[in-house]
Structure formats: structure tokens, C-alpha cells
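Undergrad: sequence and predicted structure below; questions after.
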Amino acid sequence: MSNQQQLTIVSAPGKALIIGGYLVLDRSFNAVVISTDSRFYCVIKDGQRPNKVIVKSPQFEDAVWEYDVENLESFNQRNQGKGSAFIRFAIKYTLGIISQRIESSAFTEIIGRGLEIMVLGSNDFYSLREQLAKSHLPLTAASTRLIDPLSSFHVPISKVHKTGLGSSAALTTSIVAALYVHFGVVHQNEDGKDYDKRLVNNTAQMCHGLAQGKVGSGFDISAAVWGSQVYKRFSASVIEEAFAANNEDRSELKGIVDFERLSLIVEPDFNEWDSVVRPTRLPPHFILMLADVDAGSHTPSMVGKVLAWRKANPEKANRLWNELGACNQKIEDDLRYLVDMSEVERDLYEEGIRRCSELPGEKWSELSHGSPHNSVIKFMDHVYQTFQQIRNLLRQMSTESEVPIEPPEQTELLDACMKVAGVIMAGVPGAGGYDAIFCVCISEDAVAEVEKVCESWRAMDVLPLLSRELATGYLIEKLEDVRGIDKYI
Ligand SMILES: Nc1ncnc2c1ncn2[C@@H]1O[C@H](COP(=O)(O)OP(=O)(O)O)[C@@H](O)[C@H]1O
Ligand SMILES: C[C@@](O)(CCOP(=O)(O)OP(=O)(O)O)CC(=O)O
């Protein structure tokens, strides 16, 4: 790409669901999702060829797709191979909705010039094992830091392993938001920000759901839009409406799509969009870290099995869901209390964190009894204990449904992480399985120690990721602020 003047760049973050896996599929329960500094970047500029949209994903081989957009109804893909369904749906449907929302002369003028779109993902979305092996580097966080940001993987996208940070959701959200910004539907200033975010969320939820052919809880898109948050899902009926308005051959993306109706469906004031988002962030000094386990799990089939077990055993399952829901709620409340304390009782908070960071969590109860003046220590202990209870209940869910949510191999590793001084939570994010683990530490020393535990783990290869919490959702970026992007521009 050249001509830097007319670039639109929007980034959207990856996520880790630390509280509320499976339960969040049900609107009666909340989840806590943390957004990360690993992000997807969508770069848009005017194209050189009229009525063509050229999309490039230059970190991967054979990743250039060309779409004919003269007539959106027969949105044709020109080259062989279908490319990513997430990209096709995001572009076709967002352009279709934009065509309903701006003057048709303005739409025709921009689209008439054609568009060039580039998508780039932070390294942590993909497993770096192959890269490290090729460079003869050991599987350590230190080696990972040596790899260029927004690295080229030198393989087709189908050959890289994902780490579960939510690449498809961040990718979809960055494209939807970037197109809305490029066409002036979403504005670059603060006015109407809430409306804009809701429009991006609704559109991205719809595109992501259509591309996947199913509706999940939507927490990943919501995190890509608003960042770290407490999330209650939306009712599935609203997306089902969008499926009904989509009368096309899914694999070819040909056929009649009622964009006028879709534009109404994603309208933020359409009252069926009933998800509830409370933006949040981890309390000060809390450091989210993740590690790639890379044995691989298939989330949809795990979800299917767990839900089938719940349906077949409603009484037992509801008891378990309610117990887990109560523990999740306690953690949500405790984290909020700790954030409040860090603001109103700064010194007490700092003292509590410092003293907890010197000991493993199993000793915090004793510490709390010896320090009755410091309620921060009491709440830290409470989070530690409650999180252990959550893991117990998830293991029960695992055993009952015969789905390896926290498989024994992960249990041993998580227990070893929980023994490190200054670790408050270590668990499986999202659906769990053999993909990844997360750990929340309260000091850099604890992070370094957990990295050592992971790197020296013998039973599996465990590679710490570099992602940390970045609590903001999608952002309009400046070229000079994005590390590693210049080599592609
Ligand atoms: N850089 C990229 N370019 C194009 N498509 C991508 C890119 N990264 C991810 N994808 C798409 O996202 C899919 C992975 O999404 P998904 O299975 O939902 O995993 P995740 O847990 O990371 O969201 C890939 O199969 C691919 O279709
Ligand atoms: C089970 C779930 O509640 C959480 C799954 O979360 P993951 O983070 O594991 O998902 P992927 O991004 O597909 O890997 C299903 C849902 O909420 O949709």
C-alpha cells in the first residue's frame, strides 16, 4: 500500500474469558472477559480498480482475495479459493448496510474508486512454535520477544495453529468498524460514541454469527468492541432475524439479501439487542498472562456435548450451574470491590497487594487473620478460595459431561502455577480443553516465576504468550503508533 494520506486503521482486541465459560451461553449468568493488547488491525484505503475490493492478509501465503462489488447482491469472488468466511461476510454485509445509511451518490463514489483492505493480527493469536523452531530458538517467552511484531508466518492461514484469543471475532470487528469509519458512518470524534459502538457490535455479531453458521454467546465480539467487561449475552432471537433476512447460498454468498431489513436489525435502538455490558478492568497490579498449550481442542463440539448433558440431566446440571453462577458472581463482586478500594483507600490497597505478593495464595487466609485492619487481604484471599472452588465445579462439569474442560494434564500445571507467590488465579479460559491456560499474577516477580514453571514443564510443551490486559475495545489508530505495520504499507 502507498499513499498514506487516506488510510483508515482500526484495531480490535483479542480476549480471555476468565469467569463464566458455558454459563454465559445462558442469559441468567454473567461472565468476566478481559481484552488484550494483542489486536487485529484493519487498514483501508481507496483502491486503484473501480468497483473492486482487494483484501490482503500479508502475514500468510496465498492470502489475497478480490471481490466484485458493483452489485452487492452478486458480490462475486474473483480468485480461486473462498478465503475466510469471516472476511467475506464482514465486507459484504457491512457494505450492504452502509449503502442503506449514506447518500447513494457518496456510496457509489467511494465504492466506484474501489477499496484496498489489509488485515494484520498480533503474533499471539497464532502459535509461534514453528517460527521458534525454524529460528532454532527455545520455547520461551524470551525467544518470543525476539520475533517481529505482526510477523510473517510463511505458510497459508490454514496451517497455523490458533491460541484461542479470538482471532475471528477481532478480525470481524476490526473490518466492520474500519468500513464504518472509512465511509463516515461511524465518526472519529467522541460524539455519538455509544451509538457507534452499539452499531459496530450489532453488525459484527451478525456477520460473525452468519460466517460461523451458529450463534455463540457473543462475548468475544463484545470484548472486541468494548474491551474488558462483565457481560450478559443477548437473546439469540435477534440474530435469528438476521439469518431469516439472509436468503443466499452461504458458500457462494450469492442471492438476495435484504440489506434494508438488515440495516434495521442492527440499528442500535432496535430493542431486541439486549446484551448487558459493564466495562471493567482488572484491579491495579493484577497482570493477566496466558500460555499456549497447543494440544488443540474443538470448542463447538465441546460446547455441544456439555449442553447435551445439561439437557439430559436438568436437575443435576441446574444445581451445578447455580453453584458455579454464585461463585462467579462472588468473584465479579470481589474484583469490583478491589477496584473501588484501589481508588478510595490507595495506601491500604497497596499494602494489601504488597503483602499478598510475598506469599502463595494458600497462605493468604492466615495472613488475613493476622491483619484484621486490612480488608484488601481478606478479599484477595476470598478471590483465591472462590476461584479454587470454581475449578472444582468445572472439573465436576468435565467428569459428568465427559468433556475435558480442565483435563488432568492442565490440573497439574494450574496447581503448580497457583503455588507461586503472588498468583491469585490460574485456570482454563473460555471453553477450556487443551488450548491454553491463563494466570492472574499480582507482581512482575510472580509473572517471571510462572513463565519459568511453564517453560520447564515436562509433561507438555507450554509456551507463555506476551499478551497482557489492555482494557479498551476497538480503536481508530494512527499509522505511526502501530509497531511492525510499516513493513506492509
Ligand atoms: N489473519 C487472518 N486472515 C484471514 N483470516 C483469518 C486471519 N486470522 C484468523 N482468520 C480466520 O479466523 C479463523 C479462526 O477463528 P476461530 O476458529 O473462531 O478461532 P479463534 O478462537 O482464534 O477466534 C481462521 O480459520 C480464519 O478463517
Ligand atoms: C464455552 C463458551 O462459553 C466460551 C468459549 O470460549 P473460547 O474462548 O474457548 O472460544 P473460542 O474463541 O471459540 O476458542 C461458548 C460461548 O460463550 O460462546
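TA: All right, it came through fine. Ligands and ions are numbered 1, 2, ... in the order given.

Undergrad: going forward, measure contacts between C-alpha atoms and count neighbours the same way
TA: Fine.

Undergrad: show me the contacts for the residue in the chain that ligand 1 sits nearest to.
TA: Going by C-alpha to the nearest ligand atom, ligand 1 is nearest to Gly166 of the chain, at 3.2 Å. Residues counted as contacts of Gly166 (C-alpha atoms under 8 Å, 6 or more residues apart in numbering) are 14-15, 125, 220.

Undergrad: for the residues you listed, give me TSV that also has secondary structure and neighbour count.
TA: Formatted as TSV, the contacts of Gly166 follow (DSSP: H, G, I helix; E, B strand; the rest coil; neighbours: other C-alpha atoms under 10 Å):
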residue	secondary structure	neighbour count
Gly14	strand	32
Lys15	strand	35
Phe125	helix	25
Asp220	helix	27
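
Undergrad: which stretches of the protein have low pLDDT?
TA: For the chain, residues meeting the criterion pLDDT under 70 lie at 1-5, 73-83, 189-192, 245-256, 295-297.

Undergrad: mind listing what the residue with the largest distance to the centre of it touches?
TA: Here the chain reaches farthest from its C-alpha mean at Gly370, the gap being 40.0 Å by C-alpha atoms, centre = their mean. For Gly370, the contact set (C-alpha under 8 Å, 6+ apart) is empty.

Undergrad: show the residue spans covered by the helices in the stretch 201-350 of the chain.
TA: Counting by DSSP state H, counting those that start in this stretch, the stretch 201-350 of the chain has these helices, from start to end: 219-226, 237-244, 259-266, 299-312, 314-344, 346-357.

Undergrad: er, the stretch 1-150 of the chain actually
TA: 85-101, 104-113, 129-134, 141-146.

Undergrad: mind giving me the domain split of the protein?
TA: Split into domains by automatic domain parsing, the chain comes to 4-279+474-488, 287-464.

Undergrad: ok, the closest residue to Ser127 other than its chain neighbours - contacts?
TA: Leaving aside its sequence neighbours, Ser127 sits nearest to His161 (C-alpha to C-alpha, 6 or more residues apart in numbering; 5.4 Å). Contacts for His161 (C-alpha under 8 Å, 6+ apart) come out as 126-127, 294.

Undergrad: list only buried entries from those residues.
TA: Among the contacts of His161, those buried by neighbour count (16 or more other C-alpha atoms under 10 Å) are 126-127, 294.

Undergrad: can you tell me how far Val403 is from Lys162?
TA: Here the criterion is C-alpha to C-alpha, to the nearest Å. By it, Val403 lies 20 Å from Lys162.

Undergrad: which residues of the stretch 201-350 of the chain lie near ligand 2?
TA: For the stretch 201-350 of the chain, the contact set with ligand 2 under C-alpha under 6 Å from any ligand atom comprises 216-218, 299, 303.

Undergrad: go again with 8 Å.
TA: When proximity is defined by C-alpha under 8 Å from any ligand atom, the stretch 201-350 of the chain lies next to ligand 2 at 215-220, 298-300, 302-303.

Undergrad: can I get those in TSV with distance to ligand 1?
TA: Formatted as TSV, these follow (distance: C-alpha to the nearest ligand atom, whole Å):
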residue	distance to ligand 1
Val215	12
Gly216	11
Ser217	13
Gly218	11
Phe219	11
Asp220	8
His298	9
Thr299	8
Pro300	9
Met302	13
Val303	13
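
Undergrad: got a ChimeraX select line for the buried ones in those?
TA: The ChimeraX command for the buried members of these (criterion: 16+ other C-alpha under 10 Å) is given here:
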select :215,216,217,218,219,220,302,303
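
Undergrad: put together a markdown table for the residues of the stretch 201-350 of the chain next to ligand 2, with distance to Ser28 on each row.
TA: Shown next, in a markdown table, are these (distance: C-alpha to C-alpha, whole Å):
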| residue | distance to Ser28 |
| --- | --- |
| Val215 | 17 |
| Gly216 | 15 |
| Ser217 | 12 |
| Gly218 | 15 |
| Phe219 | 14 |
| Asp220 | 18 |
| His298 | 25 |
| Thr299 | 21 |
| Pro300 | 21 |
| Met302 | 21 |
| Val303 | 17 |
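
Undergrad: nearest to Val53 among the residues of the stretch 201-350 of the chain next to ligand 2?
TA: Set against Val53, the nearest of those by C-alpha to C-alpha is Asp220 (26.5 Å).

Undergrad: can you pull the contacts of that closest one?
TA: Asp220 touches 14-15, 166, 169-170, counting by C-alpha under 8 Å, 6+ apart.

Undergrad: out of the residues you listed, which touch ligand 2?
TA: Checking the contacts of Asp220 against ligand 2 (C-alpha under 8 Å from any ligand atom), the matches are 15, 166, 169.

Undergrad: pretty sure the first one sits against Ala224.
TA: Read it as Lys15. Yes. Look at Lys15 against Ala224 with C-alpha atoms under 8 Å: they come within range, at 7.4 Å.

Undergrad: tell me, what's touching these two both at once?
TA: Ser35.

Undergrad: name the nearest residue to Leu359, ignoring sequence neighbours.
TA: Ala421 (4.5 Å).

Undergrad: what's the answer for Met302, then?
TA: With C-alpha to C-alpha, 6+ apart, the residue lying closest to Met302 is Val403, at 6.2 Å.

Undergrad: phi, psi for the one you found please.
TA: With angles defined as degrees, to the nearest 10, Val403 sits at phi -120, psi 130.

Undergrad: and which of the residues of the stretch 201-350 of the chain next to ligand 2 is nearest to Leu479?
TA: Taking C-alpha to C-alpha as the measure, Leu479 sits nearest to Asp220 out of these, at 25.4 Å.
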